[in-house]
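**Q** Have a look at this prediction, sequence included:
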Amino acid sequence: MKLVVNRHILFIIIMTLAIVNHSMGQGNVTLSIQDNVEGKLKTSLNFIIESKLFEPLVEKPSKLSASLNAVGNLNITGLKKVTVVTCALSNQLPFQVLMSPGDSLGLVISSNGDSKNRLSFTFTGKNAIRYNFKSLRDSLLMTKKLKNVNSAEALFKAVDSIDAKNNKLIDTYFEIEKDQFLYDYLYAINKARAFVVIYNEAKNNRISFEPKDFNIINKYFPKTEKHLEELLVTTNDYVYSMKLASQILSDRKPNENTLLRKTKVIDSAFRSPLKNILLANSYYKYSNSSSSNEKGIEIGNNWYRKYKDKLGDSSYNNFIDQGYYIANLINKNLPDSILNLSFFSSENKPIKLREILSKYNNSAIVLDHWATWCGPCIFEFKAGNENVRQAQVKGVKFIYISLDLDSKVSQMNKLIKEYDLDSYRLDKKSTSAYSKYFNIGEIPRYISLNSLGEVKNINLPRPSSREFPQAMKTLSSETK
């Protein structure tokens, strides 16, 4: 018998199979979850890929899409390669896994002891070893206090001893089940963390050393395969450690421009893709904290023109674009679009930013951004009070900008009265434009204007810091 199929029906069948095949493609991760606690935790799990740029306004952590399929398993989509993923559940400490496209595992959630607030997560199946290394990684934190460390030699010897013990822990973990990729990853993380200990102990104990004498790059950041380096740049522990290393290496020539000397070190000591993320972060930090000195700004602009679109990753290039934007706010007056944004006075009356600033014409101004829910903001009201008072004696005016919502007005006003603040609340409809213009991703945040209304610094040190008085002295001297 000859089977005859209408070509239109055949087309629909082919397209349906293609869609089904795509939906079950290698980009998905499937978890069969056994919840022994509440029976509904599977829908509360979040899977997050952290930002590698340390600036939430420029690049936010991305959340992988997760949904239950027809048989109750959790399908996680949006993964393109082996990735460090943070698993988060309310009231639980987040933990990280190495998630690979196509993984299909079981997950058992149980109470850890008598409390439901302490849960254990156990993965089963192929590649489960890449999901269950939380306890091992936690044991490699190197939080032990070092004793009798009063020289560079003693410091490196003590840290190397801990490093050797950690390497044995890693070796033991892989005795039963081998996974070379995970082994190399944990080994690299352990080395990087060792350097963080060295940096912190040297700083706390005022130990100085010549980094070249200890070969810190080759020792603590050994060369790895390219696919592993691409994973390491998504691991904040590793990138943070590299930033500290580049800082120490570039501190050798303090009279040279910060950005230029750090760029020389990064270019010579690191390799891509690790080099590119360090360059991007160094420029962004410089653009946020560089002074209003025209020469310093021009050095930054020349750097930007040299490296623009040459850092290999679009997120890095976007990052330095944002830095360039920030740097070129300096010495500029606020545009009408910002001056006309709406605020509320402490009496809850509408007022424009231009009206607020006009109260202090011909004076240098610091804009202190805060909120009732921001503990560090309120801490600075107390801890930084003396430094603020001394700046006020020199003629600097302080205006406080609250980011609170309507529901917090009563609590906000109590704090305004308690600390005697000249404070205004940003209108909700103005928040986006205002925050975007000044690149405010977190608070507290301090911005200075000179007597002509020109922006002088958009990321001042906190009032309680040792650097704040000098920043106020500079602001006063630049006031015209």
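**A** Great, that's in hand.
**Q** remind me, longest helix of the chain?
**A** helix 180-204 (DSSP state H).
**Q** following that helix, which helix or strand shows up next?
**A** Downstream of helix 180-204, the first helix or strand assigned by DSSP states H and E is helix 216-220.
**Q** distance of Gln411 from Ser435?
**A** According to CB to CB, to the nearest Å, Gln411 stands 21 Å off from Ser435. Yep, even glycine has a C-beta here, placed from its N, CA and C like the rest.
**Q** Neighbour count: the two, which is higher?
**A** Neighbour totals were compared for Gln411 and Ser435, and Ser435 leads with 17 against 13 (other CB atoms under 10 Å).
**Q** what's the least confident helix or strand in this protein, going by average pLDDT?
**A** One helix or strand of the chain scores below all others by mean pLDDT, DSSP states H and E: helix 7-23, with a mean of 37.
**Q** can I get the CA coordinates of the helix or strand following that helix in CSV?
**A** Downstream of helix 7-23, the first helix or strand assigned by DSSP H and E is strand 29-35. Taking Å, rounded to 0.1, in the frame of the first residue of the first chain, the C-alpha atoms of strand 29-35 are listed here in CSV:
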residue,chain,number,x,y,z
VAL,A,29,19.0,21.8,32.3
THR,A,30,16.5,19.5,33.9
LEU,A,31,16.1,18.9,37.7
SER,A,32,13.9,16.2,39.1
ILE,A,33,13.4,17.6,42.6
GLN,A,34,12.5,15.6,45.7
ASP,A,35,11.4,18.2,48.3
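**Q** Going along the chain from strand 29-35, find the next helix or strand for me.
**A** Downstream of strand 29-35 (by DSSP H and E), the next one is strand 46-49.
**Q** Can you give the domain ranges for the chain?
**A** 26-126, 152-327, 336-478 (automatic domain parsing).
**Q** The stretch 101-250 of the chain: strands as residue ranges?
**A** Using DSSP state E, counting those that start in this stretch, the strands of the stretch 101-250 of the chain run over 104-111, 119-124.
**Q** Contact partners for the nearest residue to Arg462 once chain neighbours are set aside?
**A** Closest residue to Arg462 apart from its sequence neighbours, by CB to CB, 6 or more residues apart in numbering: Glu380 at 5.6 Å. When the contact criterion is CB atoms under 8 Å, 6 or more residues apart in numbering, the partners of Glu380 are 368, 370, 444, 462-464.
**Q** Which helix or which strand is home to Glu380?
**A** In the assignment (DSSP H and E), Glu380 maps to helix 375-383.
**Q** Pull out the buried residues from that helix.
**A** For helix 375-383, a neighbour-count test (16 or more other CB atoms under 10 Å) marks 377-378, 380-381 as buried.
**Q** Mind putting these into TSV with pLDDT and distance to Thr83?
**A** TSV is the format used below for these (pLDDT from 0 to 100; distance: CB to CB, whole Å):
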residue	pLDDT	distance to Thr83
Cys377	94	34
Ile378	94	38
Glu380	95	37
Phe381	95	41
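**Q** show me the contacts for Val82.
**A** Contacts for Val82 (CB under 8 Å, 6+ apart) come out as 98-101, 181, 227, 231.
**Q** between the contacts of Glu380, which is nearest Thr172?
**A** Among the contacts of Glu380, Arg462 lies closest to Thr172 (CB to CB), at 44.1 Å.
**Q** surely Ile248 meets Tyr220?
**A** No. Applying CB atoms under 8 Å, one finds Ile248 not in contact with Tyr220, separated by 11.0 Å.
**Q** circling back to that earlier point, in ChimeraX, select just the buried ones from the contacts of Val82.
**A** Burial among the contacts of Val82 is assessed by 16+ other CB under 10 Å; the matching ChimeraX selection reads:
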select :98,99,100,101,181,231
